[in-house]
Structure formats: C-alpha cells, structure tokens
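[1] After the sequence you'll find the predicted model.
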Amino acid sequence: MSDGIIGDVVPALRFDEAKLRAHLEAKIDGFGRDMRVQQIKGGASNPTYKLTTDAGAYVLRKKPPGQLLASAHQVDREYRVMKALENTGVPVPRMRLLEQDDSIIGTGFYVMDFLEGRVFRDARLPGLSPKERAAVYDELNATLAKLHLVDHEAVGLGDFGRPSGYFERQVARWTKQYRGAESEHIPAMEKLIEVLPGMIPADQSVSIAHGDYRLENTMFHPTEPKLIAVLDWELCTIGHPLADIGYNGFMWHSHGESWGTLDGVDFATSGIPTEAEYRDAYCRRTGRDRIDNWNFYVAFGIFRLASISQGVYRRALAGVTPSDRPTVNGAGTLAEQALEILYR
C-alpha cells in the first residue's frame, strides 16, 4: 500500500532505523535484509513510511511525535480492523505486525505489505475516459456497501465500538476534540455544536464504519478501474453506515482540492454520477428504499472534518505535523458549509 509521494524522511519524523531493522528482522518471517526507509507524504495525520528490503516492500504507519489529543492516532485500531477484514471480500493490504512498545521508534506502529497501485487525488479523474470514471465511482460505491454488509461480530469486531447512540457519541467526541484544539472563536462551529445533538435521526443502523471513506483513501489497480485496497482506517469503529455514505456526499459540495472536489464536472458527460445517483446506488446495494435526513449525514461529516481540521491546524502551529501544506485553519469555512447543507 502506498498513498502518497515517496521521498526522504523529514527531520522531525526520523527515528532509529537500525533499531527498527533489527526488530522487524526478528519479528516478521522473511522480512529481508538491507532495509531502506522513505517517507510517504500526503496525509496530515499518522506518519507513513515505505520500507524496502531485498525480499520486498512494506508500509509502516506510526503515531506522530509530540503531545496527542485523546483518542486520536490509534494505529492499533487501524491494524485490528484491517486484519479482521482479511477474508471478507473488502480489499485491504496484508497485515504483518502490530508493535505497541514505544521504545523501538518512539511510538506504537504497524507494518503491512506495500501495494502498487493508483491513488486518485483529483476526484474529477482527469485523464480517464467517461467509462473508466463511471467504473471508478461504481467500485467506490460497491466497496463501501460491501464493508457495511460485513457481520462485524462474525469477524471478531463485536467489541470494536458500542452499537447504539453512535451520532450522540460522535457529536460529543468531535466537540471535545475541537475544544481541545481550539485556537479562535468560530461562530459556525458554535452553532453546529448547539444544534446537531437535537437533529440526530431516529435510524439506528449498525455496521463497521470506516470514518474517512473517500476516493483518496482507496487504491486502484495500476491499469484497471478496480479497487484493490481501502486505506486509512484510523477513524474506524462500529458505528452507523449512513455516516460513511453521508461523508461521501460531501464530494459534491467540497471546494477543497486537498480533500477532493467535483467543481466544474459535467455530470451528464463525464461518467461521474450525481450525488443523488451515487446515494441511490448505495441504497440499492444495501437494501434501502431511501435515506431520510440525508442533509444531516452530509453536514455531520463536514462538522467532523472541521474538528479534524482544527486539530491539524493546532499541531501545525506547534510545529508538529508530517505535512508540508501551508498552515491555514480550514475549520471555519467547513463549519459554515455544514450549516448551509444542514438547512438547505
């Protein structure tokens, strides 16, 4: 699995490579020799590295250095859910090792196989034909439906999250995360924090919820429009499937290149579905007639993004971030968009 530009490790994210090499040679059968470490740049959360040996290539994901917000950067949860999904038909990389001993490289980490493939960073899919674009979005939709139909108890994730009250807990959690990283007064965030708890729909569906399911967090076959891996499971829990599909719905409203935007797309000719077509395809695959309160699910996803954005901004201010992106707080713009969608 690779999900970004590969290059030298930035100074703030270096660690004792000799100690790691000795550890992995002892722990992973056939790991290989002459390990080389490079950083995979692209995300703004858990630092990610490519490890290359004479036997093959691997990916290491670790917690960031420094003071971390409570319940963030739980790489052990990422590892556990991908391990559980190994034989379910949901495409995930092969898991090799979870290490929770901080003394090896300073934080907990896990290792999985490196996959060669394409990560589409531009959701408009320039360079693909309309037929290929349609296939990519269909794969994205079908894979999410497949994930939501997995019996989480049967794959050993019965204790991975509480099955009821998902949105109540999530609104409270992301409010707390926001407060923990707050750097200025944002009226739109205050309004969302006030109104969201009273707007939670009655639907109590339960499934594995990925938490950050979007095009950029999947990998496709090098040449075919076939989804070969779902990546970035850091926010996964047992939760509500409509949180994931609503979060997908933000794609049709986002103006942010870094998250993914469909600004300027002609849905009649591009092969890319409309928001309603995408939502309806998901409903067909999961046996739903329709999704009531669609605006809530989309707005909730944006609210959560705003809280995450605040946390990234706060870490950037502190000089602890694996991203080369400029230091801009996107929380306010996102919160305003969430409000607009909530009341459209």
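    It's in.
[2] What are the boundaries of the helices in the stretch 201-344 of the chain?
    Applying DSSP state H, counting those that start in this stretch to the stretch 201-344 of the chain gives helices spanning 241-249, 275-286, 294-317, 331-342.
[3] before we move on, what SS does Ile6 have?
    For Ile6, the assignment made with DSSP: H, G, I helix; E, B strand; the rest coil gives strand.
[4] Just the pLDDT at it, thanks.
    With respect to pLDDT, Ile6 has a value of 90.
[5] Settle this for me: it is touching Arg36, isn't it.
    No - counting by CB atoms under 8 Å, Ile6 does not reach Arg36; the two are 10.9 Å apart. Where you see a C-beta, it was placed from the backbone N, CA and C, and this is true even at glycine.
[6] neighbour-wise, which of these two wins?
    Counting neighbours by other CB atoms under 10 Å for Ile6 and for Arg36 shows that Ile6 has the greater number, 15 against 12.
[7] As JSON lines, the helices of the stretch 201-344 of the chain with mean pLDDT, distance to Asp76 and mean neighbour count would be great.
    Output for those, formatted as JSON lines (pLDDT from 0 to 100; distance: least, CB to CB, whole Å; neighbours: other CB atoms under 10 Å):
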{"stretch": "helix 241-249", "mean pLDDT": "97", "distance to Asp76": "21", "mean neighbour count": "25"}
{"stretch": "helix 275-286", "mean pLDDT": "98", "distance to Asp76": "29", "mean neighbour count": "17"}
{"stretch": "helix 294-317", "mean pLDDT": "93", "distance to Asp76": "19", "mean neighbour count": "23"}
{"stretch": "helix 331-342", "mean pLDDT": "96", "distance to Asp76": "27", "mean neighbour count": "22"}
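[8] With respect to Pro187, which of these lies nearest?
    Closest approach to Pro187 among the helices of the stretch 201-344 of the chain (CB to CB): helix 331-342, 8.3 Å.
[9] Give me the distance between that closest one and the centre of its chain.
    In terms of CA atoms, centre = their mean, to the nearest Å, the centre of helix 331-342 is found 20 Å from the chain centre.
[10] If you compare the directions of that helix and helix 294-317, what angle comes out?
    Calculated by axes from the mean of the first three to the mean of the last three CA atoms, to 10 degrees, helix 331-342 forms an angle of 180 degrees with helix 294-317.
[11] now for helix 331-342, which elements pack on it?
    Packing contacts for helix 331-342, counted by 3 or more CB pairs under 8 Å, 6 or more residues apart in numbering; DSSP states H and E, involve helix 187-195, helix 294-317.
[12] Can you add distance to Arg214 and give those back as JSON lines?
    Listed next are the helices and strands packed on helix 331-342 as JSON lines, based on distance: least, CB to CB, whole Å:
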{"stretch": "helix 187-195", "distance to Arg214": "20"}
{"stretch": "helix 294-317", "distance to Arg214": "10"}
